[in-house]
Structures are given as C-alpha cells and as structure tokens.
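J.: kindly return the folded structure for what I paste below:
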Amino acid sequence: MDNNYILLILILIPVLGAVSITAFGPREPRQAGLWAMAFSLLALLATIDLPVRFIKDGIDARFHFQFKCDFLPQLGSSIHFGADGISIWLVMLTSLLCLLSIWASFSAIKVQGRSYYALMLLLQSGMTGVFISMDLLMFYIFFEFTLLPLFLIVGIWGGPQRRAAAFKLFIYTMAGGVLTFAGIIFIAWYHKNHAPSGTLTFEIQELYKTPLSHHLQIWLFLAFFAGFAVKVPLFPFHTWLPLAHTEAPTAGSVLLAGVLLKLGTYGFLRISLPLLPQASFTLAPGVAVLALVGIIYGSLCAWVQSDIKKLVAYSSVAHLGFCMLGMFAFNHTGLSASLLYMINHGLSTGALFLLVGMIYERYHTRELAQLGGLARKMPILAFMLILFTLSSIGLPGLNGFISEFAVLYAVFTSSGSSERFVGPLGPTYAIIAAFGIILSAVYLLWMCQRVLFGPLKEPAVAPSHDEEKLPDDLSRREWSLLTPIAVLVVLLGVYPRLFFAGTDPAIDAINQKITSGRQNNKINLAISPREINDE
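T.: Numbering: from 1, shown residues only. Next up is the predicted model:
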C-alpha cells in the first residue's frame, strides 16, 4: 500500500462500508453488524500498519503519509491529510473502539440494523478525519460532520428521553461550532492580508505563521474555545453530556466518551495552543480554574448518582479536567501527559460503559439500589469492572497512574509570571487536582461495592421473546470485547515508554511554538501603554 494513500484509504473504508450496507446489506440486524464489523476490522488492520510505517520512516516531528488534492482551490482549501506521533495514537484508538462498539451492538440493536451500522461507520470516518486533517477548513467539516451520525444514533436507538438528549447535544455543539467557524474564516482572511505569502489558505502549518497581535489572539482563542470547550466538555459547557450518555445506546456512549470528547482536547492541542500561544498563556489560569471546578464538581455529582451510567458520565467531566489542566501547564511533561490521558480515558471509560451495557442487557436497569452482590454470580464481570475501575482511579501499574501523576507533576512545576498575573498554574492547582483523584477513588469504589459485593440483589426481569438469552456471567463475545482493552490498560501501565517514544518529537514541536509565544507574551506585557505611545 502506497504511504501517500493510506490515510485516504482509512477514511474511505468506513464510507464504502456504510454505502454498501445501505444498498446491499442484509436486513437482519446481526448480519448487517457482521458486514459492518468486516469493514471496521479492515480499517483497524490498516491503522495498525501506521506505527510500523512510522517507525520505518523514522520517528520525528514531521507529518507522514501525506495526501493532498484540491478541494476548494479558489478559497485556498484542499483535502490534505497527514499524521504525526500525536495523530497516529488517536487514530488507532478510534479504529479499535469503533470495531468493539460495532461488535458490542450485536445483542442490543434489534431494529433498523442497516441504518444503525451505516451510521456507526460514517461516524468512524468522521472522527478519523478530524485527527489527520492538515487543512483547517477540512478539520472543521469533519469536526461538525461527526455530530450528524451521533445525533441520529442517540435520537433513534437511545433511551426514553433520546430525543431531548439528541437535540440538546445538537444545539450545544452547533452553537459552539458556529463561533469556531467564524474564527477559522477570520484567521484565513487575516493571513491573506498580513502574512508575507499574501495568499488565502487554510493550511494549519501555514496559519501557524500568521502574525497576530495579542489582542486578536485573545478573540480568536475565545472563538475556538467555544467549539472545543463544548466538545471536551469543560465546565460549565458540560450539561449536555450526562443526558446524552444516559440515553445513548451502549456503543454510542463508548464512542462518545472514548473518542468524540477527544475531538475537543485535540483541537486545543493541535490548533489553539500552537496557533494562539500568547492568548493561551494569558488565559491559562482561567481555563485551569474551569478545569479544576469540573474535576471537583464532576466528582461530587458522580458520587450522588443512583444510575451507574450517569455516574460514569460525570466521571468523564472530572477526568477531562485533568487532561485540560496538563495541557495548560505549558511544558513538555504536561502536553505529553495530556495526550496520554486522552488515550487512557478512552480505554478505561469506554470499557466501563461496555460493562454497564452488559449489566443493563441482563437486568434492564442501571439503578444501584436494585443491584448488589453480582460478584457471587458473575466473577468475570466483577474482575473486569474492578480492573477498569482501578485503571480510572490511577492505581500504579495500570495505565491511569502515569498520566495522572505526570499531569500533577507538570502542573506543580509549571511556572511563568508577568505583570498581570502569576502562573500560569503552580502547586495550588496541583493540590486541588490531587483532591479530585481522592474523590474519584471514593465514588468509583463505592459503585463497585454497591454493585459487586454484599447480598445478591437482582431485579425481576420479564423475559422477551425477541431477546437473546445471555449467560449469567460474561459470554465469550463479551469478554473478548474487553480483553484487548484490558491488555492495553496493563501494557501502558507497566511500559509507558511505548507511548512516549513515538509522541515526544511531535510534542516537542508544539511545545516550541508555545514557548516562543510565551516569551513574546512576556515581552509584550513588559511594555506599558505609555511606552507604546512614545514609540
């Protein structure tokens, strides 16, 4: 396979799968699922080949496997794909979780199977496109396109309040996205009129060179912030998330937590920080405060939930706060830890949503008050639930530990000051965040204690004639779904160098842009308005 076309093929495989299922696929849902799974598996195999080729080409900060062709040449936009050490990990996470989500849907999706699996494949294509787009307009198109299949998946195959959840998701995301789009159009126009090249372009690498004043960077940062913060979701833009998670089908929740929330954090890492470094540094304390509030607020909300799925949903608000906190520490450790946190959260929380779905398929309830002592009857499920709970908490030896520890270290050692503020972060932020880790241990272990231990408590479930008979403990399909994630949870916990070796050059490149912007910011802030007038 030609390196120049491998990323384009990754986009097209799910699209071709969606078209073929819709046009020729079997009507029986499970058969349609097998059809979709074949295309998703093919995409995963192509994705696994990426790091092999990446290592062979040489691990560096360059964008590899670049593909480029005209899209809107009169507007300076092109279909331009490329992947560095950051993108490759996120693309692999997307391909893995999409395959597992399709497989997990076999026992849950009973109607309109062709449409459901076609939408799942389109969602996979859209999410992959976000992580490999090197053109800002194409990035935005893929970024917003993911909303459509997710909206339909939640609105058609979701729970009793699926329509309210789908429309709330749509309104929040679109509202933020419109402001982000305005920022994209402005920076492309400004680049044309002020950059040395004098050309209209949406190439992200070219836009990095745009000479922006501190004032303009602030406004552009807020425009991008509107779209990315909703997607993260950063407090107080998170209110759509718990309802969307609760009402979405299991696969929808897995992809929402595992990949879709990372579109926002990836937007900050790839676009906001390197493109607008001065504004990012200036506003870092404010973003960090929102992240800290989200960590504590999300943890406290999770603690009082009676629905397991809603508990895990609020835990995402808290965990993504750590991701944002590390990113805005403005050092190599923080940026690397933030990226690793994206991967770890996708694995651990995605697995927790799979387990919640498996419990729901057996008992038709997620209420903690109606469940208890399941470890007596389901030891394999109990093992998996405890493993991924400890991973989310950050137990040493599992994947969550190194990312949480690195975030706290990066924040604690973060420094930099100006006449306007002291920061950007520092020990106080790290101490408050550490308290959030304690809270996560409290509510997650409390959940495990209620569900798994004590006297056996099972709600009475009326059998349904069209329902698949599931075994008491996990079936072979179900534990096969969780095993790949469990292996990665342990592997990244005991050998995190596997991750850092491939991402360090790309993280260094972004960190250099941020450091340069921080230095310029200090210089600008050191000049008083009177000195500017004198000049």
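
J.: show me the shaky parts of the stretch 51-200 of the chain.
T.: By pLDDT under 70, the stretch 51-200 of the chain has no low-scoring segment.

J.: which residue packs closest to Leu368, ignoring adjacent ones?
T.: In space, and not counting its chain neighbours, Leu368 is closest to Arg450: 4.8 Å by Cβ to Cβ, 6 or more residues apart in numbering. Placement of C-beta: from N, CA and C, glycine included.

J.: what's the burial count for that neighbour?
T.: 18 (other Cβ atoms under 10 Å).

J.: likewise for the one 3 residues further on?
T.: Residues within reach of Phe453, counting by other Cβ under 10 Å, total 13.

J.: for it, give its distance to Ala460.
T.: Applying Cβ to Cβ, to the nearest Å, the value for Phe453 to Ala460 is 21 Å.

J.: ok, Val489 next?
T.: 35 Å.

J.: who has more neighbours out of these two?
T.: Between Val489 and Ala460, Val489 has the larger neighbour count (other Cβ under 10 Å), namely 24 against 7.

J.: ok, Asp135 to Lys231 distance?
T.: Asp135 is 19 Å from Lys231, by Cβ to Cβ.

J.: right, and Pro274 touches Tyr208 too?
T.: Yes - judged on Cβ atoms under 8 Å, Pro274 makes contact with Tyr208 at a distance of 6.0 Å.

J.: who's more crowded, the two?
T.: Pro274 (22 against 14).

J.: what's the burial count for the nearest residue to that one once chain neighbours are set aside?
T.: Excluding its sequence neighbours, the residue lying closest to Pro274 (Cβ to Cβ, 6+ apart) is Lys513, at 4.0 Å. Using other Cβ under 10 Å, Lys513 has 14 other residues around it.

J.: against which helices or strands is the helix or strand harbouring Ala164 packed?
T.: Assessed by DSSP states H and E, Ala164 sits inside helix 162-194. With contacts defined as 3 or more Cβ pairs under 8 Å, 6 or more residues apart in numbering; DSSP states H and E, helix 162-194 has these neighbours: helix 136-145, helix 147-157, helix 204-207, helix 214-231, helix 240-247.

J.: which secondary structure elements does the longest one contact?
T.: Taking 3+ Cβ pairs under 8 Å, 6+ apart as contact, the helices and strands that helix 214-231 lies on are helix 162-194, helix 261-267, helix 277-303.

J.: need the next SSE after the shortest one, C-terminal direction.
T.: Taking DSSP H and E as the definition, the helix or strand that follows helix 261-267 towards the C-terminus is helix 273-275.

J.: distance between that following helix and the chain's centre?
T.: 19 Å (Cα atoms, centre = their mean, to the nearest Å).

J.: please name the nearest non-neighbouring residue to the residue nearest the centre of the chain.
T.: Nearest to the mean C-alpha position of the chain, by Cα atoms, centre = their mean, lies Lys262 at 1.8 Å. Nearest residue to Lys262, sequence neighbours excluded (Cβ to Cβ, 6+ apart): Met342, at 4.8 Å.

J.: kindly report the same for Leu395.
T.: Closest to Leu395 by Cβ to Cβ, 6+ apart is Phe401, at 6.1 Å.

J.: measure the residue nearest to Leu368 to Ser133 for me?
T.: For Arg450, the distance to Ser133 - Cβ to Cβ - is 43 Å.

J.: test my guess that Ala506 contacts Ile86.
T.: Yes - contact criterion Cβ under 8 Å: Ala506 and Ile86 qualify, at 4.8 Å.

J.: for the helix or strand containing the residue nearest to Pro274, the averaged confidence score.
T.: In this structure, Lys513 sits in helix 497-526 according to DSSP H and E. The average pLDDT for helix 497-526 rounds to 75.

J.: next one: stretch 364-374
T.: Here the average pLDDT along stretch 364-374 is 89.

J.: contact partners of that stretch?
T.: With contact meaning Cβ atoms under 8 Å, 6 or more residues apart in numbering, stretch 364-374 is reached by 305-310, 356, 359-360, 363, 381-382, 447, 450-459, 461.

J.: could you rerun that using 7 Å?
T.: 306-309, 356, 359-360, 363, 381-382, 450-457, 459, 461 (Cβ atoms under 7 Å, 6 or more residues apart in numbering).

J.: now a ChimeraX select for only the buried ones of the residues you listed.
T.: Only the buried entries of these go into this ChimeraX selection, using 16 or more other Cβ atoms under 10 Å:
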select :307,308,309,356,359,360,363,381,382,450,451,452
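
J.: next up, phi/psi of the residue nearest to Leu395, please.
T.: Backbone torsions for Phe401, taken as degrees, to the nearest 10, come to phi -60, psi -50.

J.: that one touches Ser392, doesn't it?
T.: No - the pair Phe401 / Ser392 is not scored as a contact, 10.7 Å apart, by Cβ atoms under 7 Å.

J.: okay, those two: which has more neighbours?
T.: Ser392 (28 against 19).

J.: helix or strand: which one has the more buried one?
T.: Ser392 belongs to helix 379-393, assigned by DSSP H and E.

J.: what are the buried residues along that helix?
T.: Buried residues in helix 379-393 (16+ other Cβ under 10 Å): 381-385, 387-393.

J.: just the pLDDT for Val15.
T.: We note a pLDDT of 95 for Val15 in this prediction.

J.: how many neighbouring residues does it have?
T.: 16.

J.: which elements pack onto the helix or strand harbouring it?
T.: Using DSSP H and E, Val15 falls within helix 6-24. Judged by 3 or more Cβ pairs under 7 Å, 6 or more residues apart in numbering; DSSP states H and E, helix 6-24 is in contact with helix 29-57, strand 64-72, strand 77-83, helix 113-132.

J.: and the nearest residue to Leu381 once chain neighbours are set aside, helix, strand or coil?
T.: Once flanking residues are discounted, Leu381 sits nearest to Leu474: 5.3 Å by Cβ to Cβ, 6+ apart. Put simply, Leu474 is coil when judged by DSSP: H, G, I helix; E, B strand; the rest coil.

J.: any idea how far Leu474 lies from Asp49?
T.: Leu474 is 31 Å from Asp49, by Cβ to Cβ.

J.: between these two, point out the one with more neighbours.
T.: Leu474 (21 against 14).

J.: check contacts around the more buried one.
T.: 358, 380-381 are the contacts of Leu474 under Cβ under 7 Å, 6+ apart.

J.: just those residues now: which is nearest Ser480?
T.: Nearest to Ser480 among the contacts of Leu474: Ile380, at 11.4 Å, using Cβ to Cβ.

J.: so that closest one sits against Ser480, correct?
T.: No - between Ile380 and Ser480 there is no contact under Cβ under 7 Å: 11.4 Å.

J.: anything in contact with each of the two?
T.: Joint contacts of Ile380 and Ser480 (Cβ under 7 Å, 6+ apart) do not exist.

J.: now do the same end-to-end measure for stretch 49-67.
T.: 17 Å (Cα to Cα, to the nearest Å).

J.: all numbers from here: first residue = 29
T.: Will do, 29 is the new start, and the previous item becomes stretch 77-95.

J.: so what touches that stretch?
T.: 31-36, 109-113, 116, 119, 162, 529-530, 533-534, 536-537.
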